[in-house]
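Trainee: Got a sequence here, can you build the structure:
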Amino acid sequence: MLACTLLDTEFKNEVASRPGGEKVKNCYLCGTCTAGCPVSSLYSEYNPRRFMRMILLGMKEEVLSSPEIWQCSQCHICVAHCPQDVRFADIVRVLRQMAVEEGYAPESMLKEIENIDIELRKQRISKVKELTIKVNAQKELNDQGDL
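Mentor: Sure, this is the predicted structure:
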């Protein structure tokens, strides 16, 4: 059970006042964001719906100090699926910035997360290229065998 003194009833308004957080109060906690989230499918502790509930309840300290706000891969699948156009991925960016501004995370964390995201995209592109070359080479061998 939560103690009401720990809740910041203005937290959702703070999030809503920032670019990217404007639609936070549209959320009715349907969970579509979580159902489509690739991070949630790999890491069950990561739950966008739970974060939205915590924001709406005013659990500012718990949200901004949570390591899970850094887990979002910014793929925007949650945004594409949300029936209320809440734009959870954008809200995560707002939460990260607020976490830095309020001393829950160092400024360097934002840049390091961005670098991790860029590196992962590069690795994916490289691995897909390697796979494509391998598949095409195998196809050529198979085609030569058919001659």
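Trainee: Look at stretch 51-70 and report the distance between its end residues.
Mentor: Length of stretch 51-70, first residue to last, CA to CA, to the nearest Å: 12 Å.
Trainee: how far does it sit from the chain's center?
Mentor: What separates the centre of stretch 51-70 from the centre of its chain is 13 Å, taken as CA atoms, centre = their mean, to the nearest Å.
Trainee: buried set for that stretch?
Mentor: 51-52, 54-60, 63-64, 66, 68-70 (16 or more other CB atoms under 10 Å). To be clear about C-beta, it is placed using only N, CA and C from the backbone, and glycine gets the same treatment.
Trainee: And for stretch 17-26?
Mentor: Of the residues in stretch 17-26, those buried (16+ other CB under 10 Å) are R18, G20, G21, E22, K23, V24.
Trainee: contact partners of that stretch?
Mentor: By CB atoms under 8 Å, 6 or more residues apart in numbering, the surrounding residues in contact with stretch 17-26 are 12, 15-16, 52, 55-56, 84-87, 90-91, 93-94, 97-98.
Trainee: Recalculate using a threshold of 7 Å.
Mentor: Applying CB atoms under 7 Å, 6 or more residues apart in numbering, the set of residues contacting stretch 17-26 from outside is K12, V15, A16, I55, Q84, D85, V86, R87, D90, I91, R93, V94.
Trainee: if we take these, which one ends up nearest to N115?
Mentor: Within the contacts of stretch 17-26, distances to N115 taken as CB to CB reach their minimum at R93, with 15.5 Å.
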